[in-house]
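Engineer: Have a look at this fold, sequence not included:
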């Protein structure tokens, strides 16, 4: 097996196997794992969120300093392993081998999967804790539960559409308002994504918008790079 820089096309090939659809915003590095010439895994590093509670506690020098955040920190936005090759530790190996290859003082990950599968920790990352839902996320969660829905099932688009079909006009109106509030939270770190979600909602595509705004408790993990070159001019590995 071999790890090497990847292209957008490599990501497009595997993205259908990830529960989050769409492309990560602001990619800086992509790496792929190949076996006998076939791409079987990919990892994407992107710019990270402007502010995170755990980061502010652990690394206060980054609080309210977006320039330093963008300069020193990257986030793992996607780790995808082809289903045929899952369960043998390839995800943790892909993370472990590529983190030292990116020019970042800190590598972060904000992931729901970390609650169920410790492969980030096995790769050398430190679990700081579970992130609290924001007030607007809690309101959306309360609405879903009051309408007899389960967040864990609504990631499935067919089940999401079935849930929406059971709502009356007043509930749809309430949901639209809640989604508008949550779009700001979900897309806040990426104006392009926020614009895309708002457009989807304006066009009446509630299922697409809801899937991307579902309130899921995530974990915050980090890794500190001992070999970070703060003044390096190293270029990213994302092909144009």
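Structural biologist: Nice, I can see it. These numbers were taken from a predicted model, which means no experiment stands behind them. Numbering: from 1, shown residues only.
Engineer: could you say which helix or strand contains the residue positioned nearest the centre of the chain?
Structural biologist: For the chain, the residue whose C-alpha lies nearest the mean C-alpha position (C-alpha atoms, centre = their mean) is residue 77; its distance is 4.4 Å. When elements are defined using DSSP states H and E, residue 77 is found to belong to strand 73-81.
Engineer: now residue 39
Structural biologist: With the criterion set as DSSP H and E, the secondary-structure element containing residue 39 is strand 38-46.
Engineer: That strand pairs with which strands, parallel or anti?
Structural biologist: Strand 38-46 pairs in its sheet with strand 27-35 (antiparallel), strand 73-81 (antiparallel), by DSSP bridges.
Engineer: Tell me which of these sits most buried.
Structural biologist: strand 73-81 (a mean of 23; mean count of other C-beta atoms under 10 Å). Every residue, glycine included, has its C-beta placed from N, CA and C.
Engineer: which is the next helix or strand following it?
Structural biologist: Read in the C-terminal direction, the helix or strand following strand 73-81 is helix 90-98, with elements assigned using DSSP H and E.
Engineer: Check which residues of that following helix are buried.
Structural biologist: Neighbour-count burial for helix 90-98, counted by 16 or more other C-beta atoms under 10 Å, picks out 90-96, 98.
Engineer: give me every residue that touches residue 119.
Structural biologist: 89, 91-92, 95 (C-beta atoms under 8 Å, 6 or more residues apart in numbering).
Engineer: Export these to JSON lines and append columns for distance to residue 52 and pLDDT.
Structural biologist: What follows is the contacts of residue 119, written out as JSON lines (distance: C-beta to C-beta, whole Å; pLDDT from 0 to 100):
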{"residue": "89", "distance to residue 52": "28", "pLDDT": "93"}
{"residue": "91", "distance to residue 52": "22", "pLDDT": "94"}
{"residue": "92", "distance to residue 52": "23", "pLDDT": "95"}
{"residue": "95", "distance to residue 52": "19", "pLDDT": "97"}
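Engineer: Same question for the next helix or strand after the strand holding residue 39: list its buried residues.
Structural biologist: Scanning forward in sequence from strand 38-46, with DSSP H and E defining helices and strands, the next element found is helix 53-58. Along helix 53-58, these residues count as buried under the neighbour rule (16+ other C-beta under 10 Å): 54-55.
Engineer: Show me the contact partners of helix 53-58.
Structural biologist: Taking C-beta under 8 Å, 6+ apart as the criterion, the residues outside helix 53-58 that touch it are 62-63, 73, 108, 128-129, 131-132, 220, 222.
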